[in-house]
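Visitor: predicted model and sequence follow; I will ask about them next.
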Amino acid sequence: MKIETKVANFTSPLYLESGRILEPYSIAYETYGVLNQDKSNVILVCHALSGSHHAAGIYEGDRKAGWWDGLIGDGKAIDTQRYFVICSNTIGSCFGSTSPMSPCYPSIKPYRLKFPVVTIKDMIQAQKQLLSSLDIHHLRAIVGGSMGGMQALQFGVDFPNFADEIISLAATYATQPWTIGFNKVAVEAIRKDPRFKNGNYDIDDFKEDGLDGLAIGRIAGHISYLSPNSMDDKFGRNYVANDGLFELFGRYEVERYMEYNTANFSRLFDPLSYLYIVKAINTFNLTRGYDTLYNAILRIKAKLHLISFKSDYLFFPSEMEHIHKMMQRNSQESTYLEVDSNYGHDAFLVEIDKFEYRIREILK
């Protein structure tokens, strides 16, 4: 599989939904496979909160493959022998695109909290500019899960004739209070951490020890990504062997797992980017700008394919099914699959074998 990683730089302004302007800005992106002569084989993949443009393959010297490597590659469901796949890092993320810690032009100082709030609409506008710069004006499909699924849906509404197929997994038509409540834990944990310094930290401050506030907030996120059954299966009530049961801070295996994974995450992910992306997720609402959800959904011209997961407690299956039923009432082309999974929201990343056949069927 041919992999190329690039950064596109734009000097033209990106007009944001808030009324502010981002200028200049950069987008990091990765491509897989080969673009055909008439550019009719392009698939755009959109990533979730903690994802990046590195969706598939393994970098030289790295042991960890891209976050959707099980789905993207030669002979896989998103077959890079047939399709030219693009995945870009969203505006606001800390993996190469313009973000809160990028220089605030014309200064060389970072934006920090002066960075504008970005929305899902803004993210797809930036991706649309990237594709236009590559002289790509129509897509075979747009695919994404979680926040990536939000982007896929927003593309379908805002740019109705841009793609043949929209495949949205583990997403919603509007972020609900339950999810916003989980996100609030992370936001407040970061803001109240003294080392956060109201965003005035140095860019390398957390590379060694991480930020405790982000680690604590990520624990809440982790709980929402899993499900009670998956946690029972994975950990049970097993206690850490070398921790005493009657030690106050002795741990169950689930506690040790949370500590280890969230501590690693807090060393890799920028806390300001986390705050801005969570804000984009919280403000997601397909209705905004179209009076009603019905009017928004009515704009979709692509074939819409919705995939939810039975035990997803972050974006409940009923939220995806609601979109499907609305599409059916409007006689718009739509399919819906609820995957029988105990793995929770993260199933779209870890139980690919349960739905990859459906994506093969759609793209064949």
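Guide: Ah, there it is. Because the structure is predicted, anything quoted here is derived from the model rather than measured.

Visitor: burial count for residue 352?
Guide: 17 (other C-beta atoms under 10 Å). Placement of C-beta: from N, CA and C, glycine included.

Visitor: measure it to residue 173 for me?
Guide: Separation of residue 352 from residue 173 (C-beta to C-beta, to the nearest Å): 24 Å.

Visitor: could you do residue 216 as well?
Guide: Taking C-beta to C-beta, one finds residue 216 at 30 Å from residue 173.

Visitor: neighbour count winner among these two?
Guide: The residue with more neighbours, out of residue 216 and residue 173, is residue 173; 22 against 19, by other C-beta under 10 Å.

Visitor: all helices for the stretch 51-200 of the chain, in order.
Guide: Taking DSSP state H, counting those that start in this stretch as the criterion, the stretch 51-200 of the chain carries its helices at 120-133, 147-158, 177-192.

Visitor: would you pull up how far the second one lies from the middle of the chain?
Guide: Between the mean C-alpha location of helix 147-158 and the chain-wide mean there is a distance of 11 Å, by C-alpha atoms, centre = their mean, to the nearest Å.

Visitor: ok, now the last one?
Guide: Using C-alpha atoms, centre = their mean, we find the averaged C-alpha position of helix 177-192 to lie 17 Å away from the chain's own average C-alpha position.

Visitor: just the first one next, same as before
Guide: Helix 120-133 has its average C-alpha position 15 Å from the chain's average C-alpha position, going by C-alpha atoms, centre = their mean.

Visitor: and it, what does it pack onto?
Guide: For helix 120-133, the packing partners by 3 or more C-beta pairs under 8 Å, 6 or more residues apart in numbering; DSSP states H and E come out as strand 3-10, strand 14-15, strand 25-32, strand 42-46, strand 84-88, helix 147-158, helix 271-282.

Visitor: for that helix, buried residues please.
Guide: If you call a residue buried by 16 or more other C-beta atoms under 10 Å, then helix 120-133 has these buried ones: 120, 121, 122, 123, 124, 125, 126, 127, 128, 129, 130, 131.

Visitor: just give me the closest of these to residue 186.
Guide: The closest of the buried residues of helix 120-133 to residue 186 turns out to be residue 120 (C-beta to C-beta; 18.2 Å).

Visitor: check contacts around the closest one.
Guide: Residues near residue 120 by C-beta atoms under 8 Å, 6 or more residues apart in numbering: 147, 150, 151, 154, 280, 281, 283, 284.

Visitor: among these, who's most crowded?
Guide: residue 150 (31 neighbours).

Visitor: what about stretch 95-102, distance to the chain center?
Guide: 16 Å.

Visitor: before we move on, what about stretch 83-103?
Guide: When distances are taken as C-alpha atoms, centre = their mean, stretch 83-103 is centred 11 Å away from the chain's centroid.

Visitor: do the same with stretch 148-163
Guide: Averaged C-alpha coordinates place stretch 148-163 at 14 Å from its chain's average position (C-alpha atoms, centre = their mean).

Visitor: ok, back up a step: closest one to residue 246 among the helices and strands packed on helix 120-133?
Guide: Of all the helices and strands packed on helix 120-133, it is helix 271-282 that lies closest to residue 246, at 35.6 Å by C-beta to C-beta.

Visitor: tell me which other helices or strands the closest one touches.
Guide: Against helix 271-282 (3+ C-beta pairs under 8 Å, 6+ apart) you get helix 120-133, helix 147-158, helix 177-192, helix 212-225.

Visitor: mean pLDDT lowest where, among those?
Guide: Among these, helix 212-225 carries the lowest mean pLDDT, a mean of 93.

Visitor: other SSEs contacting the helix or strand following that one?
Guide: Later in the chain than helix 212-225, the nearest helix or strand by DSSP states H and E is helix 228-235. For helix 228-235, the packing partners by 3+ C-beta pairs under 8 Å, 6+ apart come out as helix 253-268.
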